[in-house]
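Colleague: Fold the stuff below for me.
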Amino acid sequence: METIKRTKIADVLKSRAFGSEVNVKGWVRTRRGSKQVNFIALNDGSTINNVQIVVDIEKFGEEYLKPVTTGACISVNGMLVESQGKGQPVEIQANGIEIYGTADPNTYPLQKKGHSLEFLREIAHLRPRTNTFGAVFRIRHHMAIAIHRFFHERGFFYFHTPIITASDCEGAGQMFQVTTMNLYDLKKDDKGSIRYDDDFFGKQASLTVSGQLEGELAAMALGAIYTFGPTFRAENSNTPRHLAEFWMIEPEVAFNEIEENMQLAEDFVKYCLQWALDNCMDDIQFLNDMFDKELIDRLHFVLDHNFIHLSYTEGIRILEEAVAQGRKFEFPVYWGVDLASEHERYLVEEHFKCPVILTDYPKEIKAFYMKQNDDGKTVRAMDVLFPKIGEIIGGSQREEDYEKLRTRAAEMGVPEKDIWWYLDTRRFGSAPHSGFGLGFERLLLFVTGMANIRDVIPFPRTPKNADF
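Modeller: This next block holds a predicted model:
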């Protein structure tokens, strides 16, 4: 077969150079036809759409074409022609076919039929070849590009915070330990505690749950930074919204107070959604048609509304009123409760019918570093609430007062010896500053309309599951 430079299928489908010779390479989705002519649907991952290859059986012989089954990988030289069929503008009349790799129809699991998402999780190494996951992972790429562009265009610096850390940012305690010690022969001190003297770092170390604290250090020098990297939570949560390994975006901005922080969060999310609609419409349309008929409407819903700013206290009042009028919730509503997803969605979907930013939470249910309000009861926290998923962003104005921060950390059991470096930023040139965290996979759930967070990351890490 003569050598012709390969053209990606995404570009072939846009081309109108009819009569020209092209080469495409990809994986066979289907092959159908009669004794005289076959039609191969070929996909190379560059687009959700396949290109149709028209094959004259006589030219190649039935025997040669036998291995060209669903899943096989081939290279095709042929003439680009206007399509005779509906649904595609162009097709390729094959002059030469080279078979790179076959896929035995008896063992290749992705035959042309519907597969459940649960089944596809069991073959996560092959699921990117399906239309669904091709679409999801192309959108994932585009969202990463949008995030970097948004911050870069606004003068933020991309700051790399450590993945291995000795600090527990959230005080959650649910961290994966990192060690080089022999777990079968752990040395202990007189009190029975594990001795880390001989460990790689000489102290207990873990995978990070957040880059926020280190991000704040950078904001106190560079002005405006963002982190974007993997984070880890050892929560035993087997839910459609939790992963043990996920990606987080965390901007931190010097001199921003809570109002600017809320505006940044709204601008950021809207930029990402607009980018998805502008750059991923084929994939979004497919997911809308196949999985979630309201997906496109919901993306426009967020883009077309200003976010409501609402205090936690007012939010509780609205929820209590709903309960008094007969609205049933699974979890109780009272001042001081950490709102459940059903409460958040009620405010967004039923009461206000637009996205909501909830502020001024009780200090008892929030982290030690959040700025305290003058009432002594609440902190300048903010959660951005979206339809279908509830909280998508959590953030706050940070406490810049050294004594208040020290006292609150002690009250919440965060040892000063672990955060002395963090407290230093309040001793040397402290400044008002704010930031927030967005779980990348939560954003992807919203943009793709998928129902389970395991389906928006290539290889999900969950309790009892670290395959592939």
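
Colleague: Kindly format the C-alpha coordinates of stretch 184-200 as PDB.
Modeller: Extracted C-alpha coordinates of stretch 184-200, given in PDB (Å, rounded to 0.1, in the frame of the first residue of the first chain):
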ATOM      1  CA  TYR A 184       5.600  -6.400  58.900                       C
ATOM      2  CA  ASP A 185       8.200  -5.100  61.400                       C
ATOM      3  CA  LEU A 186       7.200  -1.600  62.700                       C
ATOM      4  CA  LYS A 187       9.400  -0.200  65.400                       C
ATOM      5  CA  LYS A 188       7.500   1.400  68.300                       C
ATOM      6  CA  ASP A 189       8.400   3.700  71.200                       C
ATOM      7  CA  ASP A 190       7.800   3.100  74.900                       C
ATOM      8  CA  LYS A 191       4.200   4.300  74.600                       C
ATOM      9  CA  GLY A 192       3.400   2.000  71.700                       C
ATOM     10  CA  SER A 193       3.400   4.700  69.000                       C
ATOM     11  CA  ILE A 194       5.100   4.000  65.700                       C
ATOM     12  CA  ARG A 195       8.600   5.500  65.400                       C
ATOM     13  CA  TYR A 196       9.200   7.200  62.100                       C
ATOM     14  CA  ASP A 197      13.000   8.100  62.700                       C
ATOM     15  CA  ASP A 198      14.100   5.500  60.100                       C
ATOM     16  CA  ASP A 199      11.300   6.300  57.600                       C
ATOM     17  CA  PHE A 200      12.200   8.200  54.400                       C
END
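
Colleague: tell me the mean pLDDT for it?
Modeller: In this model, stretch 184-200 has a mean pLDDT of 91.

Colleague: Kindly report the same for stretch 216-231.
Modeller: 98.

Colleague: residues of it that come out buried?
Modeller: For stretch 216-231, a neighbour-count test (16 or more other CB atoms under 10 Å) marks 216-220, 223-229, 231 as buried. All C-beta atoms are positioned from the backbone trio N, CA, C, and that covers glycine.

Colleague: Distance from the chain centre to it, please.
Modeller: On the basis of CA atoms, centre = their mean, to the nearest Å, stretch 216-231 sits 19 Å off its chain's mean C-alpha point.

Colleague: And stretch 324-333, by the same measure?
Modeller: For stretch 324-333, the distance to the chain centre is 31 Å (CA atoms, centre = their mean).

Colleague: Between the two ends of that stretch, how far is it?
Modeller: 11 Å (CA to CA, to the nearest Å).

Colleague: Quick one: neighbours of Pro460, just the number.
Modeller: 21 (other CB atoms under 10 Å).

Colleague: ok, it - contacts?
Modeller: Neighbour list for Pro460: Arg121, Ala124, Leu243, Ile453, Arg454 [criterion: CB atoms under 8 Å, 6 or more residues apart in numbering].

Colleague: What separation do you get for the third one and Ile392?
Modeller: So the one you mean is Leu243. Applying CB to CB, to the nearest Å, the value for Leu243 to Ile392 is 15 Å.

Colleague: check which helix or strand covers the residue with the largest distance to the centre of the chain.
Modeller: The C-alpha centroid of the chain is most remote from Glu58, which lies 48.8 Å away (CA atoms, centre = their mean). Element membership for Glu58 (DSSP states H and E) is helix 57-60.

Colleague: How about Ser434?
Modeller: strand 433-439.

Colleague: Any buried residues in the next helix or strand after that strand, and which?
Modeller: Going down the chain from strand 433-439, the next helix or strand is helix 440-448, by DSSP H and E. Buried residues in helix 440-448, defined by neighbour count with 16+ other CB under 10 Å: Phe440, Glu441, Arg442, Leu443, Leu444, Leu445, Phe446, Val447, Thr448.

Colleague: Leaving out chain neighbours, which residue sits closest to the third one?
Modeller: Once its chain neighbours are removed from consideration, Arg442 has its nearest residue in Ile392; the separation is 5.2 Å (CB to CB, 6 or more residues apart in numbering).

Colleague: surely Arg454 meets Leu120?
Modeller: No. Arg454 lies out of contact with Leu120 (CB atoms under 8 Å); the separation is 9.9 Å.

Colleague: Looking at those two, which has the bigger crowd around it?
Modeller: Arg454 (22 against 19).

Colleague: Contact partners for the more buried one?
Modeller: Arg454 touches Arg121, Pro240, Leu243, Pro460, Thr462, counting by CB under 8 Å, 6+ apart.

Colleague: Residue ranges in this protein under the pLDDT threshold?
Modeller: 167-173 (pLDDT under 70).

Colleague: Kindly list the main-chain dihedrals of Ser396?
Modeller: phi -170, psi 170 (degrees, to the nearest 10).

Colleague: and it, what does it touch?
Modeller: Neighbours of Ser396 in contact, by CB under 8 Å, 6+ apart: 258, 261, 366-367, 369-371, 379-382, 434-436.

Colleague: Could you single out the nearest of the contacts of Pro460 to Glu321?
Modeller: Closest approach to Glu321 among these (CB to CB): Ile453, at 32.2 Å.

Colleague: ok so, going back, which of the contacts of Arg454 are buried?
Modeller: Buried among these (16+ other CB under 10 Å): Arg121, Leu243, Pro460, Thr462.

Colleague: Take the residues you listed and keep only those in helices.
Modeller: Arg121 (DSSP state H).

Colleague: quick one on the thing from earlier: hmm, the residue farthest from the centre of the chain is touching Lys35, no?
Modeller: No. The pair Glu58 and Lys35 does not pass the contact test of CB under 8 Å, sitting 9.5 Å apart.

Colleague: Would you map the helices across this protein?
Modeller: Secondary structure of the chain (DSSP H): helices located at 9-14, 57-60, 62-65, 117-122, 131-153, 212-222, 258-279, 281-290, 295-304, 312-324, 341-345, 402-411, 416-427, 440-448.
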